[in-house]
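Asker: When you get a sec, could you give me coordinates for this:
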Amino acid sequence: MRGTIRALFVKPEKGNASIPLTEVHADDGGLTGDHHKSSSRKRQILLMSGTIMDQLGLVPGTVYENVVVDGIDVMALQEGQQLQLGGARVSVTMPCEPCIQMERIRKGLQDALENRRGMFVRVITPGLVKVSDIVELL
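Answerer: As a prediction, this is how the structure comes out:
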């Protein structure tokens, strides 16, 4: 299973907008410059399927995802599976449950994202991650 990275984002501070990047370093704890870095072993980087964003008419970065992936159904990934995410290796940890913040973005979005919000991964091997990089199930 292979896909590509459509978009990358970090959110420097809670409450601020996500910042689009063309590349970012992933290391122990998550993405450099993201406020979630090192705050959790399970919730380091949020991957979201580009098809879900397209189906819901969402602009990448709107729902605070870190990585938008095309060509892979992120929700089909299982806990413990490993992915090559550009130059980094990551492990799937858990699904992301849509929270009330989604309702602040658009009414009904929390329900629309149920079981489609994305999957969290943690970094196993650090590396540089860039837009257009390959994402491959290992």
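Asker: can we go C-alpha only for contacts and neighbour counts from here?
Answerer: Noted.
Asker: you'd agree Asp54 is in a helix?
Answerer: Yes: assessed with DSSP: H, G, I helix; E, B strand; the rest coil, Asp54 lies in a helix.
Asker: distance from the centroid: which residue in the chain tops it?
Answerer: Lys107 (22.0 Å; C-alpha atoms, centre = their mean).
Asker: Can you give me the distance of Gly50 to Lys14?
Answerer: Distance from Gly50 to Lys14, counting by C-alpha to C-alpha, to the nearest Å: 24 Å.
Asker: More neighbours: those two, which one.
Answerer: Each of Gly50 and Lys14 has its neighbours counted (other C-alpha atoms under 10 Å); Gly50 has more, 24 against 10.
Asker: The more buried one reaches Asn66, doesn't it?
Answerer: No: between Gly50 and Asn66 there is no contact under C-alpha atoms under 8 Å: 11.9 Å.
Asker: what's the weakest-modelled helix or strand in this structure?
Answerer: Least confident helix or strand, the chain: helix 101-105 with a mean of 91, by mean pLDDT, DSSP states H and E.
Asker: chain center to it: distance?
Answerer: On the basis of C-alpha atoms, centre = their mean, to the nearest Å, helix 101-105 sits 17 Å off its chain's mean C-alpha point.
Asker: Quick one: list the elements packing against it.
Answerer: helix 109-112 (3 or more C-alpha pairs under 8 Å, 6 or more residues apart in numbering; DSSP states H and E).
Asker: What ranges in this structure fall below the confidence cut-off?
Answerer: For the chain, the stretches with pLDDT under 70 are 39.
Asker: Enumerate every residue touching Arg6.
Answerer: Gly50, Val67, Val68, Val69, Asp70, Val131, Ser132 (C-alpha atoms under 8 Å, 6 or more residues apart in numbering).
Asker: Now the fourth one: which helix or strand?
Answerer: Yep, that's Val69 we're talking about. Assessed by DSSP states H and E, Val69 sits inside strand 67-70.
Asker: what do you get for the last one?
Answerer: Taking DSSP H and E as the criterion, Ser132 maps to no regular element, lying outside all helices and strands.
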